[in-house]
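K.L.:
This is a predicted model, with the sequence first.
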Amino acid sequence: MLQEILIATTNLDKISEFRSLFRQAKRMVDVRSLRSFPNYSPPEESGLTFEENARLKAVNAAKELNCLVLADDSG
């Protein structure tokens, strides 16, 4: 069964990195990005840590776009 996941980024390198990870894990996952949602406005990254910012991005996108979301924040 093909699953869909949204990567909360518009960074092409990050999108490619996640697609590669799923391929290497032999997972049938349709990886989408925020590039598919041009009207979506991500939240302000107001967390004190990278983890907090990633959580803010993932939770906000999941609520707004009603989908499964992964996010990271590498500074």
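P.N.:
It's in.

K.L.:
And the contacts of the host helix or strand of Phe22?
P.N.:
When secondary structure is defined using DSSP states H and E, the element that contains Phe22 is helix 12-24. By Cβ atoms under 8 Å, 6 or more residues apart in numbering, the residues outside helix 12-24 that reach it are 7, 9, 29, 31, 33, 35, 70, 72. To be clear about C-beta, it is placed using only N, CA and C from the backbone, and glycine gets the same treatment.

K.L.:
what about the closest residue to the third one other than its chain neighbours, neighbour count?
P.N.:
When you say that, I think you mean Val29. Excluding its sequence neighbours, the residue lying closest to Val29 (Cβ to Cβ, 6 or more residues apart in numbering) is Phe22, at 4.4 Å. Using other Cβ atoms under 10 Å, Phe22 has 15 neighbouring residues.

K.L.:
per-residue confidence for Phe22?
P.N.:
In the prediction, the pLDDT value recorded for Phe22 is 88.

K.L.:
Relative to Met28, how far out is it?
P.N.:
Between Phe22 and Met28 the distance, using Cβ to Cβ, to the nearest Å, works out to 8 Å.

K.L.:
Overlap of the contact sets of these two?
P.N.:
Shared contacts of Phe22 and Met28, defined by Cβ under 8 Å, 6+ apart, are not found at any residue.

K.L.:
check contacts around Ala62.
P.N.:
Ala62 sits in contact with 6, 68-69, where contact means Cβ under 8 Å, 6+ apart.

K.L.:
What is the distance between the longest helix anywhere in the chain and the centre of its chain?
P.N.:
Longest helix in the chain, counting residues (DSSP state H): helix 50-65. Centre-to-centre, helix 50-65 and its host chain are 8 Å apart (Cα atoms, centre = their mean, to the nearest Å).

K.L.:
try stretch 60-69
P.N.:
Relative to its parent chain, stretch 60-69 has a centroid offset of 9 Å by Cα atoms, centre = their mean.

K.L.:
start the count at 25, not 1, going forward
P.N.:
With 25 as the first residue, the last one maps to stretch 84-93.
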